[in-house]
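S.K.: what would the 3D arrangement of this be:
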Amino acid sequence: MQFEQFFSSAIEVAIATAGFSGIVVILGQRGQGMWNQADLARVSLLLQASFIAIFLSFLPLVLDGAGVSTSMIWRVGSGCFIVYACIAIPLRRRAILRVRSEDPTYSARLLFVLLPVVLFLVGLQLYNILALGSGWPFVLTVVFEIGVALLAFVRLLRMLWERSAG
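M.R.: I've put the predicted structure just below:
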């Protein structure tokens, strides 16, 4: 399998991103029990994206160790991402609606911008299952999820800086 080093690095980045969220929680007002629905939604998004990136990075390594053929590894991984996306999209939508009911000024523009990308990735993974059986579409999903986690982390840091400056 040609992506072993990438997946090992992706695991490290995803774990580090999830760990840094703890620093944000401890340093910010959130660490004092002052959580609001927007903060919870952002931390949830960060952890969800980090953990799925970790899972998707471990999956090919485990399947390769079990002797599964390379094209089947990518098909199984693509299928797992499709299942995850079908579960995560409604959950994230519900979380956005819950936050908006508490805070009408809450903006979820980033998630609405990312939704077409997720739908494109789901279509690409479906094509990977049916025709390609290649690694690059699956790797693209792992990179995307790490990117989402990093964006959520940056948003949490920005909120921390804005609150401490104000």
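
S.K.: run through the helices of this structure in chain order.
M.R.: 4-27, 37-65, 70-102, 109-127, 135-165 (DSSP state H).

S.K.: want to throw the ones you listed into TSV with mean neighbour count and mean pLDDT?
M.R.: C-beta: built from backbone N, CA, C; applies to glycine. Below are the helices of the chain laid out as TSV (neighbours: other C-beta atoms under 10 Å; pLDDT from 0 to 100):
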stretch	mean neighbour count	mean pLDDT
helix 4-27	16	64
helix 37-65	19	81
helix 70-102	16	86
helix 109-127	15	85
helix 135-165	18	79
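
S.K.: which residues touch Ala88?
M.R.: Under the criterion of C-beta atoms under 8 Å, 6 or more residues apart in numbering, the neighbours of Ala88 are Gln48, Ile52.

S.K.: how much space separates it from Leu114?
M.R.: 11 Å (C-beta to C-beta, to the nearest Å).

S.K.: please apply the same query to Gly67.
M.R.: In terms of C-beta to C-beta, Gly67 sits 36 Å off from Leu114.

S.K.: list the contacts for the residue lying closest to Ile73 once chain neighbours are set aside?
M.R.: In space, and not counting its chain neighbours, Ile73 is closest to Leu63: 4.5 Å by C-beta to C-beta, 6 or more residues apart in numbering. With contact set as C-beta under 8 Å, 6+ apart, Leu63 has these partners: Met72, Ile73, Val76, Gly77.

S.K.: does the second one really touch Pro60, like I thought?
M.R.: I take that to be Ile73. Yes. Between Ile73 and Pro60 a contact is recorded at 5.0 Å, counting by C-beta atoms under 8 Å.
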